[in-house]
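Chemist: pasting the structure only:
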């Protein structure tokens, strides 16, 4: 097990380091980013007035809209000739958010991800199979550079070409696999379809992220692959993957790289900072970024944070697994529910597979939800029993009952045959909002 010295620092040492780096970041942003200079001036705040970490609460928030409003290069804090790489979001809901990196940023990011892979079980000299997509998305290259920095033999497979993925896993014998949980599940199912057993591969650890996933999905992945499945968290606006990583020893929250990111939890309605342990919106301030320093960035992700000595020996603050996004919360007949809560209950039903979609529509001015989920063919003793339509109808009623009692929502459930729901090579499409189509 590799423990970086800063990951075992006491609270006082970490706070002193964070404050020192925070002051440097604020001065850098104020001098070089007109957006931040204007925000600070409007609040009559200058960086020299920040004397403690608690003073950060007086600083303005940054939002995704701010990044889009200054598209493409308006928030950069260094001259363009010092930037060595750009990444960007997909831009499916508007202009993409563009992020930049100096060489120092790339080196720092590589160090952070190397630490993350080690936290998740990776070791120098082993082989890592990277099935995250390469390109403008930060996942592929982020894990790639971190793996190389850790000294692992790195296979840049990217997403897709599933049979090729299987061949390389069998031939190269990696110990660590990285990708979105939904795609790695699809790879396992493809192996089973080909008569192969994913539990018999060389893999021992999985590093999964880029989409919310439940504890039940973890259990499914661990059982299918015979691995420890750990959650990695990051977003391009903050840096990319590696902001936080779950350790394979405890698998109880994600260790935040506190020496590089200051973390807050706020009430998304009042914007007030919440105490440790309470659930709210994650907010990050970068402490070491050159090209794109980010101050109090509202991620939109719902989680909580806690500080305690972990079973792995690390003292860094931990965040819970992301429950969902502020804008992903569904309101069904007055009841608030996140898709991850629905997944939690669906995956507890053994007759169903882990593949599902949520179809949101409107009837009589009220939001309605249809849950489409695939049947698990292996639970039936015969083909006749599987093909009996009453089994599908019975399961649909069971889904409706479990979601009614577990999530307090009334839904229409449709159980469909295996392979009906499209598989994704990246992030799974879980929610389809048919209300937008109808407008």
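Modeler: Yep, it's here. This is a predicted model, so every value here is computed, not measured.
Chemist: tally of neighbours for residue 291?
Modeler: Burial of residue 291 is recorded as 24 neighbouring residues (other Cβ atoms under 10 Å). Any C-beta I mention is one placed from the backbone N, CA and C, and that applies to glycine too.
Chemist: what stretches of the stretch 1-150 of the chain score poorly on pLDDT?
Modeler: Scanning the stretch 1-150 of the chain for pLDDT under 70 picks out the ranges 1-3, 90-94.
Chemist: so what does the helix or strand harbouring residue 393 touch, helix or strand wise?
Modeler: Secondary-structure assignment from DSSP states H and E places residue 393 in helix 389-406. Other elements packing on helix 389-406 under the criterion 3 or more Cβ pairs under 8 Å, 6 or more residues apart in numbering; DSSP states H and E are helix 339-346, strand 366-375, strand 412-416.
Chemist: report the buried residues of the last one.
Modeler: Buried positions in strand 412-416, judged by neighbour count with 16 or more other Cβ atoms under 10 Å: 413-416.
Chemist: now the angle from it to strand 366-375?
Modeler: Taking axes from the mean of the first three to the mean of the last three Cα atoms, to 10 degrees, one finds strand 412-416 and strand 366-375 inclined to each other by 20 degrees.
Chemist: which helices and strands does strand 412-416 pack with?
Modeler: Taking 3+ Cβ pairs under 8 Å, 6+ apart as contact, the helices and strands that strand 412-416 lies on are strand 366-375, helix 389-406.
Chemist: would you give the sheet partners of the first one, along with the direction of each?
Modeler: Strand pairing for strand 366-375, using DSSP bridges, gives strand 352-363 (antiparallel), strand 412-416 (parallel).
Chemist: which one of those lies nearest to residue 30?
Modeler: Relative to residue 30, the nearest member of the strands paired with strand 366-375 by Cβ to Cβ is strand 352-363, separated by 42.9 Å.
Chemist: that older thread, deepest-packed of the helices and strands packed on helix 389-406, please.
Modeler: Ranked by mean neighbour count under mean count of other Cβ atoms under 10 Å, the helices and strands packed on helix 389-406 are led by helix 339-346, which reaches a mean of 21.
Chemist: and that one, what does it pack against?
Modeler: Of the remaining helices and strands, those touching helix 339-346 by 3+ Cβ pairs under 8 Å, 6+ apart are helix 215-225, strand 324-325, strand 352-363, strand 366-375, helix 389-406.
Chemist: now distance to residue 146 and mean pLDDT too, for these, in CSV please.
Modeler: What follows is these, written out as CSV (distance: least, Cβ to Cβ, whole Å; pLDDT from 0 to 100):
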stretch, distance to residue 146, mean pLDDT
helix 215-225, 21, 95
strand 324-325, 25, 88
strand 352-363, 28, 90
strand 366-375, 34, 90
helix 389-406, 38, 89
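Chemist: now render those as CSV, adding distance to residue 162.
Modeler: Listed next are the helices and strands packed on helix 339-346 as CSV, based on distance: least, Cβ to Cβ, whole Å:
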stretch, distance to residue 162
helix 215-225, 14
strand 324-325, 28
strand 352-363, 15
strand 366-375, 18
helix 389-406, 27
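Chemist: which one, of the ones you listed, ends up nearest to residue 143?
Modeler: Proximity of the helices and strands packed on helix 339-346 to residue 143 was assessed by Cβ to Cβ; the nearest stretch is helix 215-225, lying at 17.0 Å.
Chemist: parallel or antiparallel, which strands does whichever helix or strand comes after the closest one pair with?
Modeler: On the C-terminal side of helix 215-225, the closest following helix or strand by DSSP H and E is strand 228-235. For strand 228-235, the pairing partners within the sheet under DSSP bridges are strand 205-208 (parallel), strand 240-246 (antiparallel).
Chemist: among the ones you listed, show me which one is buried the most.
Modeler: Neighbour counts averaged per stretch over the strands paired with strand 228-235 are highest for strand 240-246, at a mean of 28; criterion: mean count of other Cβ under 10 Å.
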